[in-house]
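[1] Predicted model, plus sequence, below.
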Amino acid sequence: MFTQFQFCQLCRLNHKKKRKHIYSIRHQNVVNNILEKYLRKVTEARSTLKSPQIHNAQFERGAKFWCHFCVEEELKHMELDTCTVKYGGLIEHIASYEHKRKMYNFFYENKVDETKRHPDLFHMPEEELKKFKEKVAIQAKEYDSGNREELEKSAEMIRQTEALRNQVVQSHHFLTLKVCGA
């Protein structure tokens, strides 16, 4: 009897074991490693919830991470007009309803052990996201005002340097005219 090969995206393996594969030691080890790595990412992102880290707009621009629950690539940082919020994209993603739904589906399909099924670890409530976004708005305004002050200082230094150069050029031009006898 002919049996169709199936592809396991987590193990990156073709097999003919059908549902038996998800109970294999290899598959369970891969799932455990994925959960550990993802938990480290989420924990690191959650550490920025109380005080969001704002960087310039070029900070790790376009950086992405792979969500094994959703099987798609997402932006790692939140990119605003004038700045970038570290881990903002990851936080927005794990707070989404779609992520929560696919997370439960991942747990079910891969027979994740009940002791490792902590939805609070891999998902964030909408209220926490709202608080985070409020803090981001405040921090982004502070960052913008600080940048504006730095730009004004730089502009003033450029004006002073330009004025000094003009004085040097004029004095040199004056000396040249005096030497030439004009």
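    Nice, thanks for sending it over. Numbering: from 1, shown residues only.

[2] so how far is the helix ranked longest in the chain from its chain's centroid?
    Identified as the longest helix of the chain according to DSSP state H is helix 126-180. Relative to the chain's own centre, helix 126-180 is displaced by 29 Å; criterion: Cα atoms, centre = their mean, to the nearest Å.

[3] For the remainder of this discussion, apply numbering that starts at 15.
    Yep, numbering from 15; the last one is helix 140-194 now.

[4] how about low-confidence regions in this structure?
    15-17, 19, 26-32, 161, 186-196 (pLDDT under 70).

[5] wait, Cys97 sits on Ile68?
    Yes - look at Cys97 against Ile68 with Cβ atoms under 8 Å: they come within range, at 5.0 Å. Yep, even glycine has a C-beta here, placed from its N, CA and C like the rest.

[6] Find residues that contact each of these two.
    Ala154, Tyr157 (Cβ atoms under 8 Å, 6 or more residues apart in numbering).

[7] Quick check on the two: which one has the bigger neighbour count.
    Between Cys97 and Ile68, counted using other Cβ atoms under 10 Å, the more crowded position is Ile68 (23 against 20).

[8] OK, contacts around that one?
    Counting by Cβ under 8 Å, 6+ apart, Ile68 touches Cys97, Thr98, Val99, Lys100, Val150, Gln153, Ala154, Glu156, Tyr157.

[9] could I get stretch 145-158 in CSV with only the CA atoms?
    Taking Å, rounded to 0.1, in the frame of the first residue of the first chain, the C-alpha atoms of stretch 145-158 are listed here in CSV:
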residue,chain,number,x,y,z
LYS,A,145,0.1,50.6,28.6
PHE,A,146,3.2,49.9,26.5
LYS,A,147,2.0,52.1,23.6
GLU,A,148,1.2,55.0,26.0
LYS,A,149,4.7,54.8,27.4
VAL,A,150,6.2,54.6,23.9
ALA,A,151,4.3,57.8,23.0
ILE,A,152,5.7,59.6,26.0
GLN,A,153,9.3,58.3,25.4
ALA,A,154,9.1,59.1,21.7
LYS,A,155,8.1,62.7,22.4
GLU,A,156,11.0,63.0,24.8
TYR,A,157,13.4,61.5,22.2
ASP,A,158,12.2,63.9,19.5
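
[10] Which residues does it contact?
    Leu63, Lys64, Ser65, Pro66, Ile68, Met92, Leu94, Thr96, Cys97, Val99, Gly102, Ile105.

[11] other SSEs contacting the helix or strand in which the last one is found?
    Going back to what we said before, that points to Ile105. Assigned by DSSP states H and E, Ile105 belongs to helix 102-108. Judged by 3 or more Cβ pairs under 8 Å, 6 or more residues apart in numbering; DSSP states H and E, helix 102-108 is in contact with helix 39-60, strand 86-89, strand 92-93, helix 140-194.
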